[in-house]
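*Asks:* structure for the following, please:
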Amino acid sequence: MTTPDDAPLRPLDESWTTALAVVAHPDDMEFGAAAAVARWTGQGKRVTYAMVTSGEAGIDGMHPDEARRVREEEQVASARAVGVDDVEFLGFADGVIEYGLTLRRAIAGAIRRRRPEVVITGNYRETFPGGMLNQADHIATGRAVVDAVRDAGNRWVFRDQLGADGLEPWGGVRQVWVAGSPDAGHGVDVTATFDAGVASLRAHAAYLDGLGWEHFDPAEFLARMTSATGPRLGVAHATPFEVLRMGWDD
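*Replies:* Presented below is the predicted three-dimensional model:
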C-alpha cells in the first residue's frame, strides 16, 4: 500500500557500521539518496557501492563502449564526493536487466564480499511517489537485491562461491532500505549534507548533458524532493526510505 505523501516519517536506525548500496545504474543513488550516504560516511560508517550495469545505454549520442568508460569514471567521482571509495560494476547489460538466478547470484556474491549490516537499493515498486511509472531495470534489480540478501546467508545457495570464489555465507544483513519508494515510512535528515548530495549528482555531467533536459539544475531538483520530505521528519531536508526487515527481531 502506498504511503500518503504527507504521512510522518520515523528516523532510520543508524546503529550500524557497514552498508552496501546495490542499484541498477550509475546515477541511481545520486537522484535522491547520495546526501544520506554523505551523512553516514561523515559519521564514520563504511558504505560501498555495487552498480549492476555501467549505464552504457544511457547517453543517446554516445556509443555504449565510450559511454561505459565515461559513466564508470563519473560514478567513481560521484561516490567520492559523498565519502565512498569502493565502487564495483557487476557488468550486466544496461536497459535489459532480467530478474533471475544470474542476477541474484552476482548480487549475493557482492554481499558476501562486503558483509554489510544494511543493504540499500532503489525503488522497485511499479511507480515512484507521485505516480510516475518505474523503469524495468530498477524493478528487476530491486527484486533481485531482496532475494539475494537471503541467498547470501544460505551456504547451500550459490555454493560454488564458497569454493572457487573463496567466499563465506553472510547472514548479517539486518534490513534492506529502499530509496525513492512510494511505501517509504522512514527518513534521514540530510540538511547538513545536502550540498554533498548535489555535488555527487553534478559529477554525472556527461550523463546529465546527454539527457537534454534544458535548464536542469541538480540543486533545484534535489531541493524540491528533500524540502518536500523534510517536514515529514521535522527537518529542513530529508530523504525517505522504505525499510524491509530481514528477520523477526529487526
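
*Asks:* send me the least confident helix or strand in the chain by mean pLDDT as PDB with only the CA atoms.
*Replies:* Lowest by mean pLDDT, DSSP states H and E among the helices and strands of the chain is helix 205-211, with a mean of 94. C-alpha atoms of helix 205-211 as PDB (Å, rounded to 0.1, in the frame of the first residue of the first chain):
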ATOM      1  CA  ALA A 205      28.000  15.800 -16.100                       C
ATOM      2  CA  ALA A 206      28.100  13.800 -19.400                       C
ATOM      3  CA  TYR A 207      25.000  11.800 -18.500                       C
ATOM      4  CA  LEU A 208      23.000  14.900 -17.400                       C
ATOM      5  CA  ASP A 209      24.100  16.700 -20.600                       C
ATOM      6  CA  GLY A 210      23.000  13.700 -22.600                       C
ATOM      7  CA  LEU A 211      19.500  13.700 -21.200                       C
END
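
*Asks:* measure the most centrally placed residue in the chain to Val149 for me?
*Replies:* For the chain, the residue sitting closest to the mean C-alpha position, by Cα atoms, centre = their mean, is Thr121 at 3.9 Å. Per Cβ to Cβ, to the nearest Å, Thr121 is found 9 Å from Val149. Backbone N, C-alpha and C define where each C-beta goes, glycine included.

*Asks:* please apply the same query to Gly91.
*Replies:* 20 Å.

*Asks:* repeat that for Met62.
*Replies:* On the measure of Cβ to Cβ, Met62 and Val149 end up 34 Å apart.

*Asks:* who has more neighbours out of the two?
*Replies:* Val149 (27 against 19; other Cβ atoms under 10 Å).
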